[in-house]
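> All I have is the shape, not the residue letters:
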Ligand SMILES: Cc1ncc(COP(=O)(O)O)c(C=O)c1O
Ligand code: FES
């Protein structure tokens, strides 16, 4: 799909021009979130922040902010609507593809932009779980095994990147990934690159 | 103000001038092959030679036979770099000096030579976008084969000191090329005054058709065809003559030359007006490019805190067409190499917009943009994770 065709679909345009739940520095002065999560880096051109109010593991309210392109704004707006009233476990497992399909699909080269909202949301939920002494509770539920030899998942790679493994060698040192048959390297490097962009 | 359509992306390409269009409609029936000896061929040939003379006149070339028609700026630039490849691979003098802010067609041609083992230098520029002359002098020497510096930059509009750059290169016996694609038709361009050996220009930037351009080659300077075949263009560029494109180019060149002074004043006044209105209405912005040595139509501005593609699309929804320094829309996350080269840093480079005005821009257009832009920037900044105060110092 053509990026511009997508951006001009009625739903996307609506969410871009009237984003839902976006943080307003004046109106939301008194918004007190239970957890916040921020990912991305303006150096790379995009950054995203999620603020959640949570009661009994249900997301009761949400605000977000972004320095990002139109696709990031539209997908995050849609995401923020979707998670209101949701159990944090379900919110944690929302896939960018779900949001994309609600927006009528997503052009290939914009997937990156929509992933950021979902990562920021997870980061916020992780902060919440940590505060409650339940760190890592949802972590492995939807992990994908990348390195079959050593049973290393995408989540493990993500975790390692968040703890400073920003190149292949440090990642290998931290996880031992790719040290047996080596066939996972291409995919693992792809993920490494993606996570470095997000957390770097 | 009521919705209106405002095209401010003239550096990307220009609309066809009605005068050029009319002439081209007539030329649609000039189907003779200009290489043929019969009447129809000779007729076509006469039109083509007239066009060539007009193009030569626009760039101050003494002889119109120094002008070779190509498919555009990219081909002209590649023809020069390919020639350097063919010469340089047989001799010790093979160093190539160019700059970090060239158009991708020059950058990639230079990178290709580098991959082929040529020493290639990409000169840095200062904060205004002018070539660092100390770095340039330090790189010059008897091993330099080609110096290629653009006459004016497409993104920020800075006009380089080509005359001085060429003078220094000549002392070392190097060839000099300038990509004048953005300069031609906007400022006076003269291959004689600048004393360059090669000059690139493209027709679709001067209100003519796309897919046609030219390369000026100084007499007795080596040039090798990129496209081999028949003997057209003295064997420098094969392929049956593009009658329609060339005739349109000739007319566009003639008009550009005749109206150059008037164009510069008109568009320059509107650029200044747009710049002043934006400075007055939007806090914390940075004007990129040289403050005075700049194309009269090009205004590049950074809006920290607001992301470029979001600004571009918001403007587009208001009918305003501009382009951005961030390449996000094209699928790459890298900020513009030009804005990075002038030292902006990714935070500013990602939030930059190029307004390029033209012959059909009106005062109403400028007022419309100055009215629509401030709320767009304010809205994006409000939802931004970037603390604006941080930019107060970074801006200059
Ligand atoms: C500075 C510069 N050089 C070269 C080109 C390429 O010209 P063309 O589109 O005719 O190949 C452009 C056009 O974008 C340009 O701005
Ligand atoms: S799959 Fe990773 S080393 Fe074999």
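Great, that's in hand. Computed from a prediction, not measured in an experiment: that's the story for all the values here. Ligands and ions are numbered 1, 2, ... in the order given.
> Now do the same contact list for the residue of the stretch 101-250 of chain B found nearest chain A.
Using C-beta to the nearest C-beta, the single residue of the stretch 101-250 of chain B nearest to chain A is residue B:155, 16.5 Å away. Bear in mind the C-beta positions are built from the backbone N, C-alpha and C, glycine included. By C-beta atoms under 8 Å, 6 or more residues apart in numbering or on different chains, the contact list for residue B:155 reads B:11, B:101, B:300, B:325, B:336, B:338, B:339, B:354.
> Which parts of the chain belong to which domain?
Since you didn't name a chain, this refers to chain A. Listed domain ranges for chain A are A:3-131, A:145-199 (source: automatic domain parsing).
> wrong one, I was asking about chain B
Chain B is divided into the following domains under automatic domain parsing: B:18-258, B:260-394.
> and the ones you listed, which one's lowest on average pLDDT?
Note on those: domain B:260-394 shows the lowest mean pLDDT, a mean of 90.
> Please tabulate the domains of chain B in TSV and include distance to ligand 1 as additional columns.
TSV is the format used below for those (distance: least, C-beta to the nearest ligand atom, whole Å):
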stretch	distance to ligand 1
domain B:18-258	3
domain B:260-394	10
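> now for those, which one comes closest to residue A:105?
Residue A:105 sits nearest to domain B:260-394 of all these, at 16.1 Å, using C-beta to C-beta.
> if we can go back for a sec, I'd like to know which of the contacts of residue B:155 are part of helices.
Judged by DSSP state H, helices contain the following of the contacts of residue B:155: B:338, B:339.
> Tell me the one among the contacts of residue B:155 nearest to ligand 2.
Of all those, ligand 2 sits closest to residue B:336, with 38.0 Å by C-beta to the nearest ligand atom.
> hang on, isn't that closest one packed against residue B:351?
No: distance between residue B:336 and residue B:351: 11.1 Å, which falls outside the contact criterion (C-beta atoms under 8 Å).
> Let me see the ranges of the strands in the chain.
Because you didn't say which chain, this covers chain A. Here chain A has its strands, by DSSP state E, at A:35-41, A:46-55, A:58-67, A:145-147, A:152-153.
> oops, I was thinking of chain B
B:6-7, B:67-70, B:95-99, B:120-123, B:144-148, B:175-179, B:198-202, B:213-217, B:286-288, B:298-302, B:320-321, B:323-324, B:352-356.
> So which of those is the most surrounded?
Here the criterion is mean neighbour count by mean count of other C-beta atoms under 10 Å in any protein chain shown, and of these the winner is strand B:198-202, at a mean of 29.
> what are the pairing partners of that one, and which direction each?
strand B:175-179 (parallel), strand B:213-217 (antiparallel) (DSSP bridges).
> And stretch A:80-100, end to end?
With C-alpha to C-alpha, to the nearest Å as the measure, stretch A:80-100 spans 13 Å from end to end.
> in that stretch, what's buried?
Neighbour-count burial for stretch A:80-100 flags A:80-84, A:86, A:88, A:91-92, A:94, A:96, A:99-100 (criterion: 16 or more other C-beta atoms under 10 Å in any protein chain shown).
> so can I have TSV of these showing distance to residue B:144 and pLDDT?
Listed next are the buried residues of stretch A:80-100 as TSV, based on distance: C-beta to C-beta, whole Å; pLDDT from 0 to 100:
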residue	distance to residue B:144	pLDDT
A:80	58	94
A:81	61	94
A:82	61	93
A:83	61	94
A:84	65	95
A:86	65	95
A:88	64	95
A:91	62	93
A:92	60	89
A:94	58	84
A:96	51	73
A:99	55	83
A:100	52	80
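> In helices, which of the residues you listed appear?
Applying DSSP H to the buried residues of stretch A:80-100, the entries found in helices are A:80, A:81, A:82, A:83, A:88, A:91, A:92, A:96, A:99, A:100.
> In those, find the pair that's most separated.
Among those, A:88 and A:100 lie farthest apart (C-beta to C-beta), at 21.5 Å.
> out of the domains of chain B, which comes closest to ligand 2?
Among the domains of chain B, the nearest to ligand 2 by C-beta to the nearest ligand atom is domain B:260-394 (27.5 Å).
> quick check, distance from that closest one to the centre of its chain.
Domain B:260-394 sits 18 Å away from the centroid of its parent chain (C-alpha atoms, centre = their mean, to the nearest Å).
> How about stretch A:86-94?
12 Å.
> So which residues of the chain form helices?
Going with chain A. Taking DSSP H as the criterion, chain A contains helices spanning A:3-7, A:10-17, A:70-83, A:88-92, A:96-102, A:111-131, A:154-162, A:168-175, A:185-199.
> not what I meant, chain B
Along chain B, counting by DSSP H, helices occupy B:18-27, B:39-58, B:73-88, B:104-115, B:133-139, B:162-171, B:191-194, B:243-258, B:260-281, B:308-317, B:337-341, B:346-349, B:363-382, B:391-394.
> so which of the buried residues of stretch A:80-100 are also by ligand 2?
Among those, none lies close to ligand 2 by the criterion of C-beta under 6 Å from any ligand atom.
> And these, which two are furthest apart?
Taking C-beta to C-beta as the measure, the buried residues of stretch A:80-100 span a maximum distance of 21.5 Å, between A:88 and A:100.
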